[in-house]
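Visitor: Quick one, fold the following:
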Amino acid sequence: MRNEPNQNQAGIESLADLLRKKNHFLLLSHVSPDGDALGSMIALGDALRSLGKNVKLFNETGVPSRYSFLPRAAEVTGRLGRLADFEVAILLDCHSLKRAGVRFSQTDQLPLLAVLDHHEVGDPVSAAVTVIDPQTAATGELVYQLLITMGVSITPEMATNLYTAISTDTGSFNFDNTTASCLEVAAALVDSGARPWDIYRQLNFNLPPERLRILSQTLGGVDYYYKGQLGTLTIDSEIMSAAQIYEIDTEDFVSFPRSIKGVELAVLITENGGGVCHVSLRSQGRVNAAAMAKSFGGGGHRNAAGFSISGSAESVKSRVIAAAASFMPREEDRSLYEAEP
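Guide: Next comes the predicted model:
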């Protein structure tokens, strides 16, 4: 690892100090967790237990089948118990209690709170210790820094969880958030026992067959707007209900409209049975997906963001298309991104 100054180090050290002093921890993350949320939470839980701490891993919506291969994934529970049993709650991979689920609508019910996240800040919850770095590829990278600061010996199980966290949030190290730092951390995790091929195989070649059926049903419905710069794909609640799979199993469908020449912003709208849609935004770089998501109460990164909103898929689609007008590239800016003749 390069010996460069770490802009997060002061916050990491403050969090490490808090973790050393306390003994009873609640680790939680956002609903419909992805690989970064789960890998970060499980690895940190393992590390704290290795130091003799008591830990509960909580996620309101549980572990999607795609991530059930993660070591100790079975320890993630949707049963919270008494908040009074915990000294510290650590919110990982998000900085809003609302994203953690309805149980946390009242912040005064929580014990001492810490936040460890890498998403662009919208309206972060007030916490005793906050470490948020949008320049970091994944929360798993911050957890790795925390474990090194605490002097924790990283086991193969921790390494597998953290490698999964970083790999999923960088698109297997293909997204533009892939940095030298995260590659160095990934290499260190391989040295500690993570096996890249096994992890990649579990993530990409172990998916439910229903996923392919949904994909075939929805790909014909890709629509284009703003002279082909906006591509949309919609999955309605009837399709999701019939397939009985998690929203996370379809999230990467947004890559299909994004792959089309000329599309600057891809939108995937997934409707659940409760009258709520989740909207995933993926940008090629000219459109600020995070800013657009924030206008709907969501967040994320410039090139990858999302939000949830009430309404039918068609009504939400109309609102998203209208809102996109304020974020699409101006015609006069086009030359800045076109290749020289």
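
Visitor: okay, now the closest residue in space to residue 164 that isn't next to it in sequence: neighbour count?
Guide: Among residues not flanking residue 164 along the chain, residue 39 sits closest, at 4.3 Å (Cβ to Cβ, 6 or more residues apart in numbering). In short, each C-beta sits where N, CA and C put it, glycine included. By other Cβ atoms under 10 Å, 33 other residues sit near residue 39.

Visitor: From residue 141, how far off is residue 248?
Guide: Distance, residue 248 to residue 141, using Cβ to Cβ, to the nearest Å: 21 Å.

Visitor: Of the two, give the one with the bigger neighbour count.
Guide: Between residue 248 and residue 141, counting by other Cβ under 10 Å, residue 141 is the more crowded of the two (27 against 19).

Visitor: who does whichever strand or helix holds the residue nearest to residue 164 touch, helix- and strand-wise?
Guide: Using DSSP states H and E, residue 39 falls within helix 35-50. Applying 3 or more Cβ pairs under 8 Å, 6 or more residues apart in numbering; DSSP states H and E, we find helix 35-50 packed against strand 24-29, strand 54-58, strand 76-77, strand 88-92, helix 139-150, helix 156-169.

Visitor: And for the second one, what's in contact with it?
Guide: What it means is strand 54-58. Here strand 54-58 makes contact (Cβ atoms under 8 Å, 6 or more residues apart in numbering) with 23-28, 41-42, 45, 48-49, 75-81, 86.

Visitor: does residue 23 really touch residue 49, like I thought?
Guide: No - distance between residue 23 and residue 49: 11.1 Å, which falls outside the contact criterion (Cβ atoms under 8 Å).

Visitor: and residue 287, which of the three is it?
Guide: coil (DSSP: H, G, I helix; E, B strand; the rest coil).

Visitor: what about the stretch 1-150 of the chain, any weak spots by pLDDT?
Guide: Along the stretch 1-150 of the chain, the model assigns pLDDT under 70 to residues 1-7, 102, 104-109, 121-124.

Visitor: Quick check: the gap between residue 216 and residue 62.
Guide: Relative to residue 62, and taking Cβ to Cβ, residue 216 is found at 27 Å.

Visitor: For the residue nearest to residue 164, give me its contacts.
Guide: 67, 70, 140, 160-166, 168.

Visitor: next one: residue 279
Guide: 267-270, 293, 296, 298, 306-309, 316, 320.

Visitor: Now with 7 Å, please.
Guide: 267, 269, 306-307, 309, 316, 320 (Cβ atoms under 7 Å, 6 or more residues apart in numbering).

Visitor: out of those residues, which are inside helices?
Guide: 316, 320 (DSSP state H).

Visitor: Make CSV out of the contacts of residue 279 and add neighbour count and pLDDT.
Guide: Output for the contacts of residue 279, formatted as CSV (neighbours: other Cβ atoms under 10 Å; pLDDT from 0 to 100):
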residue, neighbour count, pLDDT
267, 27, 97
269, 22, 94
306, 23, 89
307, 21, 89
309, 16, 91
316, 24, 95
320, 22, 96
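
Visitor: Find the nearest non-adjacent residue to residue 202, please.
Guide: residue 69 (4.3 Å).

Visitor: With residue 36 as the reference, measure out to the one you found.
Guide: For residue 69 relative to residue 36 (Cβ to Cβ), the value is 15 Å.

Visitor: Looking at the two, which is more packed in?
Guide: For residue 69 versus residue 36, the count of surrounding residues by other Cβ under 10 Å is larger for residue 36: 29 against 16.

Visitor: The more buried one against residue 170, yeah?
Guide: No - counting by Cβ atoms under 7 Å, residue 170 is not a contact partner of residue 36; they are 9.4 Å apart.

Visitor: Need the overlap of contacts for these two.
Guide: Common neighbours of residue 36 and residue 170 are listed as residue 138 (criterion: Cβ under 7 Å, 6+ apart).

Visitor: can you pull the contacts of residue 178?
Guide: Residue 178 sits next to 137, 170 when contact means Cβ under 7 Å, 6+ apart.

Visitor: List phi and psi for it.
Guide: Torsion angles at residue 178 (phi, psi; degrees, to the nearest 10) stand at phi -70, psi 120.

Visitor: Could you do residue 114 as well?
Guide: Per-residue torsions, residue 114: phi -130, psi 150 (degrees, to the nearest 10).
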